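*Asks:* Model the following, please.
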Amino acid sequence: MSPVHSVRPVSRPDEWEAAALDLDAYLERIGYDGPREPTVATLRGLHLAHVASIVFENVDALLGPGVSLDLACLQDKLVRQRRGGYCHEHNLLFAAVLERLGFRVTRLLARARDDGQTVLPRGHATLLVAVDDRLWLADVGFGSEGLLEPVPLVEGAEVHQGPWAYGLERRGADWILRGDGTVLYSFAPGEYRRPDFEAANYFVSTHTSSPFATELIVQRAHPHARYALRGLDLTITIGGGGQARRQIAARDLRDVLRDTFEVSVTPAQAVLLAATARGRSQRAL
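*Replies:* Residues are numbered from 1 along each chain as shown. Below you'll find the model as predicted:
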């Protein structure tokens, strides 16, 4: 297993405002009442509770007011308002939680869907966490295909989390995370600072080539099922291979967001989100 000294986590609580975190409110939000010592068991418990409780969604990138990475905004949105968010919001909040509990954390930027041929921007936020003399990849912000629990940073590691399989491999200086045989993303351990994440977040939430700026994406993962809404296309994948897919009617979008994903939007917002989905479908024809 990779020793800590080979990839040293960089913790900068002053830069990321971790001291301002309302830890008790966050733990209540995810329904976690387990131990708080910085151990692997605590890391696993927090990771699974976060993934199960806070949905992946990009409503603010589509409708405004935009996506802020200030810790006060992340807490207000994901904790107090009980909303969801995408990778930068999830993982930067989670990093602050881990730092408050005494973990050493490195925030990283990764290339999603990196096939080794197409050069993609480093737009996905993920984390390395040091526990004792081991490093773990933790990521609570990759949506329905993402990790349920952290995985050890070990070349060739293969783990099963419920019915889902994940693996890590090397490609030059990069690590590759695979999920059920598909490349999820690549990352190179290093030091990224807050302005790097601000720039990546701006690209992901505003650029016309980013799906998060142009299309409704809402996802959630459970130990035995994955739920994914893209536009008006709803897919439910059951561990073991079963899958159901259907187009939902625009008039039902608000109900599906509430009942399936626990995302509350106003009637006016639902109309705008449905119009965005219809517009994208028409452009694809």
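*Asks:* Got the domain ranges for this structure?
*Replies:* Domain segmentation of the chain under automatic domain parsing yields 4-194, 213-284.
*Asks:* now the shortest one, how far from the chain's geometric center?
*Replies:* In this case it means domain 213-284. Taking C-alpha atoms, centre = their mean, to the nearest Å, one finds the center of domain 213-284 at 17 Å from the center of the full chain.
*Asks:* Repeat that for stretch 151-160.
*Replies:* Taking mean C-alpha positions (C-alpha atoms, centre = their mean), stretch 151-160 and its chain are 19 Å apart.
*Asks:* what comes up buried for that stretch?
*Replies:* 151, 153-154, 157, 159 (16 or more other C-beta atoms under 10 Å). (Glycine included, C-beta is placed from N, CA and C.)
*Asks:* residue boundaries of the helices in the stretch 1-150 of the chain?
*Replies:* With DSSP state H, counting those that start in this stretch as the criterion, the stretch 1-150 of the chain has helices at 13-16, 23-30, 40-53, 59-63, 71-74, 87-100.
*Asks:* Can you say which of these is packed in most?
*Replies:* helix 87-100 (a mean of 24; mean count of other C-beta atoms under 10 Å).
*Asks:* and that helix, what does it pack onto?
*Replies:* Applying 3 or more C-beta pairs under 8 Å, 6 or more residues apart in numbering; DSSP states H and E, we find helix 87-100 packed against helix 13-16, helix 23-30, helix 40-53, helix 71-74, strand 104-112, strand 124-131, strand 134-138, helix 194-206.
*Asks:* Mind doing that once more with 6 Å?
*Replies:* The contact analysis (3 or more C-beta pairs under 6 Å, 6 or more residues apart in numbering; DSSP states H and E) places helix 87-100 against helix 71-74, strand 104-112, strand 124-131.
*Asks:* and the angle from the last one to helix 194-206?
*Replies:* In this case it means strand 124-131. Here strand 124-131 runs at an angle of 140 degrees relative to helix 194-206 (axes from the mean of the first three to the mean of the last three C-alpha atoms, to 10 degrees).
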